[in-house]
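> Give me the fold of what follows.
(one chain, ligands or ions: 1)
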Amino acid sequence: MRATVCLTFDFDAISLWIGPMGATSPSMISRGEFGTVGVERILRLLARHDIPATFFVTGHTADTYPDSVRAIAAAGHEIGHHGYLHENPVALESKDAERAVLERGLVALEGVVGQRPTGYRSPAWDNSPHTIELLLEYGFRYESSLMGQDFTPYWCRVGDVIHRDGPYEFGPSVDLVEMPVSWILDDFPHFEYVSRPNRVSPGLSAPSKVEEIWRGEFDYMYRDVPGGVYTLTMHPQVIGRGHRMLLLERLIDYFKGHEGVQFTTLGAAAEAFRRGE
Ligand SMILES: [Zn+2]
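Sure thing, here's the model as predicted:
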């Protein structure tokens, strides 16, 4: 296969706003509620194009919107782990605290979906020094939060040592596949306007700008990285707005217009990497 496209959706819903953002305003919370509208639109689009996708779901989203999450699974899409309340693992005070979040998310997802996820994506893409060890302990097959490659899966490591007065020390590779991501191929920073006391993320890009970037990444991979995996990260509450859904639809048509392009779940692409394909 010349190229693999993995459409991934982080279904944060309300958890993003009441968790790391600390929101109590019904207005901010309602932005997360819109995620369920986005999910309905995305599921219709994926069904029309017969494309399997991966949804990383927080435990809080599964507990709050079990019907939406079950609809995703019932449509044949993959469900991955994405924390409980969108906790940034780096901000958790200990390995035990991170373990508790991991377990809580597993309980919620298994309760709603009836299946244990094999993939993990850390909220905010921030792994702690313990994250990989914990994922191995809980039997995950892949994770998707690092940026050491763009279109080529690779093996995660444990035991890196940071030296500031000499070369960086890389730890050994472990039995966990990294499906790399990048902020370029993420809808949130491009589109989502967020104003907080200490930070303003302007967002609100025109789709034409994002389309140019997302197509450019694909064009380069298609030409120069044969067999590459193009992983797009989107959020139902962001991409679910009308003009952006049209962008996603145009992109799907664009990818489909190339010979030898397949759409798979991230889990399937990780297993293909394990098989050496
Ligand atoms: Zn998220």
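> Tell me which residues touch T152, please.
180, 225, 228-229 (Cβ atoms under 8 Å, 6 or more residues apart in numbering). Every C-beta, even on glycine, is put in place using the N, C-alpha and C of the backbone.
> Nearest to the ion among these?
P180 (16.4 Å; Cβ to the ion).
> What separation do you get for G148 and G216?
Between G148 and G216 the distance is 21 Å, computed by Cβ to Cβ, to the nearest Å.
> re earlier: take the contacts of T152 and lay them out in JSON lines including distance to the ion, pLDDT and neighbour count.
Below are those laid out as JSON lines (distance: Cβ to the ion, whole Å; pLDDT from 0 to 100; neighbours: other Cβ atoms under 10 Å):
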{"residue": "P180", "distance to the ion": "16", "pLDDT": "98", "neighbour count": "18"}
{"residue": "V225", "distance to the ion": "26", "pLDDT": "98", "neighbour count": "15"}
{"residue": "G228", "distance to the ion": "24", "pLDDT": "98", "neighbour count": "23"}
{"residue": "V229", "distance to the ion": "20", "pLDDT": "98", "neighbour count": "24"}
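> what about the strands in the stretch 151-277 of the chain?
154-157, 173-178, 194-196, 199-201, 228-234, 261-263 (DSSP state E, counting those that start in this stretch).
> for these, which one ends up most surrounded?
strand 228-234 (a mean of 23; mean count of other Cβ atoms under 10 Å).
> then that one to CSV, C-alphas only?
Presented in CSV, the C-alpha positions along strand 228-234 are these (Å, rounded to 0.1, in the frame of the first residue of the first chain):
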residue,chain,number,x,y,z
GLY,A,228,3.8,6.2,5.3
VAL,A,229,1.0,6.7,7.8
TYR,A,230,-0.8,10.0,7.7
THR,A,231,-2.5,10.6,11.1
LEU,A,232,-4.9,13.5,11.3
THR,A,233,-6.1,14.5,14.8
MET,A,234,-9.5,16.2,15.1
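> Could you look up the SS state of I72?
Assigned by DSSP: H, G, I helix; E, B strand; the rest coil, the conformation of I72 is helix.
> Give the closest residue to it in space, chain neighbours not counted.
Counting by Cβ to Cβ, 6 or more residues apart in numbering, F55 is the residue found nearest to I72 once chain neighbours are left out, at 5.0 Å.
> likewise M1?
Residue nearest to M1 in three dimensions, not counting chain neighbours: Q262, with 5.1 Å by Cβ to Cβ, 6+ apart.
> Kindly report the residues of the stretch 101-250 of the chain close to the ion.
Residues of the stretch 101-250 of the chain found near the ion (Cβ under 5 Å from the ion) are P123.
> Could you check how many residues crowd around V101?
Residues near V101, counting by other Cβ atoms under 10 Å, number 22.
> Show me what the residue nearest to M1 is bridged to.
Counting by DSSP bridges, Q262 forms beta bridges with T4.
> so who does it touch?
If a contact means Cβ under 8 Å, 6+ apart, then Q262 has 1, 3-5 as its contacts.
> ok, so what distance separates it from L7?
12 Å.
> How much space separates R104 from the ion?
Applying Cβ to the ion, to the nearest Å, the value for R104 to the ion is 16 Å.
> What sits closest to that residue if chain neighbours are left out?
Y84 (4.3 Å).
> The residue in the stretch 51-200 of the chain that the ion sits nearest to: neighbour count?
Closest to the ion within the stretch 51-200 of the chain is P123: 4.9 Å, counting by Cβ to the ion. A count of nearby residues for P123, using other Cβ under 10 Å, gives 25.
> quick one on the thing from earlier: tabulate the contacts of Q262 in a markdown table, adding columns for pLDDT and neighbour count.
Output for the contacts of Q262, formatted as a markdown table (pLDDT from 0 to 100; neighbours: other Cβ atoms under 10 Å):
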| residue | pLDDT | neighbour count |
| --- | --- | --- |
| M1 | 84 | 13 |
| A3 | 98 | 21 |
| T4 | 98 | 24 |
| V5 | 98 | 23 |
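> wait, doesn't L16 sit right on F34?
No - using Cβ atoms under 8 Å as the test, L16 is too far from F34 to be in contact (11.6 Å).
> And those two? Which one has more around it.
Neighbours were counted for L16 and for F34 using other Cβ under 10 Å; L16 has more, 31 against 16.
> Can you give me the pLDDT of the residue in the stretch 151-277 of the chain that the ion sits nearest to?
Going by Cβ to the ion, the ion is nearest to H235 of the stretch 151-277 of the chain, at 6.8 Å. Per-residue pLDDT puts H235 at 98.
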